[in-house]
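Student: Predicted model, plus sequence, below.
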Amino acid sequence: MPTINAIILAAGEGSRMKSNTPKVLQQLSDKTLLRHVIDAALPLGANLNIVIGHGAELVKNAIENQGVNWVIQKEQLGTGHAVQQVMPDIDDDSVCLILYGDVPFIQSATLSALLSKAIETGFALLSVVLANPFGYGRIKRNAEGQIVAIVEQKDANKSELEINEINTGIMAVKASLLRGYLDNLKPNNSQGELYLTDIVEMANANNVTISSCICDHAAEVMGINDKNQLAELERLVQQKQVDEFMANGLGVKDPARFDCRGTLSFGKDCVIDINVVFEGDNELGDNVTISPNCIIKNSKIGDNSEIKANSMIEDSTIGSNTAIGPFARLRPESHIGNNAKIGNFVEVKKSTIGNTSKVSHLSYVGDSALGEGVNVGAGVITCNYDGVNKHQTIIKDGAFIGSNTQLIAPVTIGKNATIGAGSTINRDAPDEKLTLSRNKQATLSGWKRPTKK
């Protein structure tokens, strides 16, 4: 098996994106366009050679892979010129796989089939058949069905314009052949550029058999040039994912309104309602229900738990038989126990909430450790920040925190303690006792309401 050298062309600016971010760093699902292409090449055991130009340092910094051979194309003089920049680093006995940093949906299996044909004949092209091939270079074949040329739209005659098989630009060529063809490229076009597609005619003139591999799905070879195309491919990526999830038993109310920008594992009988977004790595147990408009990121949710509408959960774990929301927010490092409840308009940050504990509504719990069976009333705030440092609040098992209470950390609330509503607590409260702090209520009999002057 020869060495495979993947040559990924990623030097273009992508002006139609109207963005300060290089085109190949635009996001598709959870990864950049370029990262998708890299991930398609790596399972083939390919060496990575990436040609960069516009935003070169940004591109290099965005790709965390020490094995990449980065090659600078100082002037963008065409695809043939881009590949020329890499060839000094390529061994003649290898096979070069030409890929594009803005064609992110290409699949490893398709590339593997293409490489197999290139190893047999020395040269293989990936093509696709389109119902409307307007604007693309046509694959021209002879009477025996052999590829003889690629004819660009502007150069095609009437019969050639009727050809529906088009060039994707993706090809695999033995390095020794490719090097010779590249050395003979000429800028025979109005742009003065070196076109990689011109090597097809050279190979045919040298009686090299050009194998073809016809891609089954046009989306695999769809190039991304603007935000409209990016959004179109995003939906295709999401549709592919949700189809796989549903085939494996995930219940999805409306597959068209589902997004997973990362990985998702799930047990049996989970149901996902509309407009739920998963980001990062997430895990659902059995019988998990997620209501509309929720965002779940890098989190684990236990069996029989329910995430109610409009809730946000990030870098957190949730036990079994637990309810979250609606309109709840769990910030990173929140750990909610079994049979617990986090209610509407509750925010939890870097806190542990024990089994059967409840924070039902309109409260903030930050940098806290709550035991089991704790009940936190409405409007309770753990005052964890003194303007410089964060401090911890500890609430032991069975404690009851009355509504509209401020717990000024560091502070500990004892086991089965009760804190009276409207209190400001800045010292530890003992076990089993009622602790409260209120000003004495007074009524001023001589007071009169002000009147407008």
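Tutor: Good, I have the coordinates.

Student: what residues are up against Pro332?
Tutor: Glu314, Asp315, Ser316, Lys349, Lys350 (CB atoms under 8 Å, 6 or more residues apart in numbering). For glycine as for every other residue, the C-beta is placed from the backbone atoms N, C-alpha and C.

Student: so it is in which element?
Tutor: Using DSSP states H and E, Pro332 falls within no helix or strand.

Student: CSV for the contacts of Pro332, including pLDDT?
Tutor: Output for the contacts of Pro332, formatted as CSV (pLDDT from 0 to 100):
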residue, pLDDT
Glu314, 98
Asp315, 98
Ser316, 98
Lys349, 98
Lys350, 98
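
Student: longest helix anywhere in this structure?
Tutor: helix 227-247 (DSSP state H).

Student: Show me what whichever helix or strand comes after that one is packed up against.
Tutor: Scanning forward in sequence from helix 227-247 by DSSP H and E, the next helix or strand is strand 251-252. If contacts are counted by 3 or more CB pairs under 8 Å, 6 or more residues apart in numbering; DSSP states H and E, strand 251-252 sits against helix 227-247, strand 271-272.

Student: And the pLDDT for the nearest residue to Leu236 once chain neighbours are set aside?
Tutor: Nearest non-adjacent residue to Leu236, counting by CB to CB, 6 or more residues apart in numbering: Ala219, 4.8 Å away. If you check Ala219, the pLDDT there is 93.

Student: what does Ile163 give?
Tutor: The predicted local confidence for Ile163 is 96.

Student: if we can go back for a sec, scan the contacts of Pro332 and report the most crowded one.
Tutor: Ser316 (25 neighbours; other CB atoms under 10 Å).

Student: what's across from Ile342 in the sheet?
Tutor: Ile324, Val359 (DSSP bridges).

Student: Let me know the distance separating it from Ala62.
Tutor: Applying CB to CB, to the nearest Å, the value for Ile342 to Ala62 is 36 Å.

Student: Same question for Phe245.
Tutor: 28 Å.

Student: Out of the helices and strands packed on strand 251-252, the one nearest Ile150 is which?
Tutor: Ranking the helices and strands packed on strand 251-252 by proximity to Ile150 (CB to CB) places helix 227-247 first, at 22.2 Å.

Student: Counting by contacts, list what the closest one packs against.
Tutor: strand 27-28, strand 251-252, strand 258-265.

Student: Show residues contacting the longest helix of the chain.
Tutor: Under CB under 8 Å, 6+ apart, the answer for helix 227-247 is 17-18, 26, 28-29, 104-105, 219, 222-224, 250, 252, 255-256, 258-260, 264, 266.

Student: what is the mean pLDDT for that helix?
Tutor: 96.

Student: mind listing what's buried in it?
Tutor: Going by neighbour count (16 or more other CB atoms under 10 Å), the buried part of helix 227-247 is Leu230, Leu233, Glu234, Leu236, Val237, Gln238, Gln241, Val242, Phe245.

Student: how about CSV for these, with distance to Ile214 added?
Tutor: Formatted as CSV, these follow (distance: CB to CB, whole Å):
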residue, distance to Ile214
Leu230, 26
Leu233, 20
Glu234, 25
Leu236, 19
Val237, 22
Gln238, 26
Gln241, 25
Val242, 27
Phe245, 29
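
Student: distance of the closest residue to Pro326 other than its chain neighbours from Asp254?
Tutor: Distance criterion CB to CB, 6+ apart; nearest residue to Pro326, sequence neighbours excluded, is Lys308 at 4.1 Å. Distance from Lys308 to Asp254, counting by CB to CB: 18 Å.

Student: Which of those two has more residues huddled nearby?
Tutor: Lys308 (19 against 12).

Student: Walk me through the domains of the chain.
Tutor: 4-221, 240-435 (automatic domain parsing).

Student: Would you mind checking which of these scores lowest on average pLDDT?
Tutor: domain 4-221 (a mean of 93).

Student: Flag every buried residue along stretch 327-337.
Tutor: Phe327, Ala328, Arg329, Leu330, Arg331, Ser334, His335, Ile336, Gly337.

Student: give the contact list for the nearest residue to the second one once chain neighbours are set aside.
Tutor: It stands for Ala328. Leaving aside its chain neighbours, Ala328 sits nearest to Ser311 (4.5 Å; criterion: CB to CB, 6+ apart). Residues counted as contacts of Ser311 (CB under 8 Å, 6+ apart) are Ser291, Cys294, Ile295, Ile324, Gly325, Pro326, Phe327, Ala328, Arg329, Leu330.

Student: From Thr352, how far off is Ser311?
Tutor: 19 Å.

Student: Kindly provide the distance from the nearest residue to Gly402 once chain neighbours are set aside to Leu370.
Tutor: Leaving aside its chain neighbours, Gly402 sits nearest to Ala421 (3.4 Å; criterion: CB to CB, 6+ apart). Distance of Ala421 to Leu370, given as CB to CB: 18 Å.

Student: Noted, bye for now.
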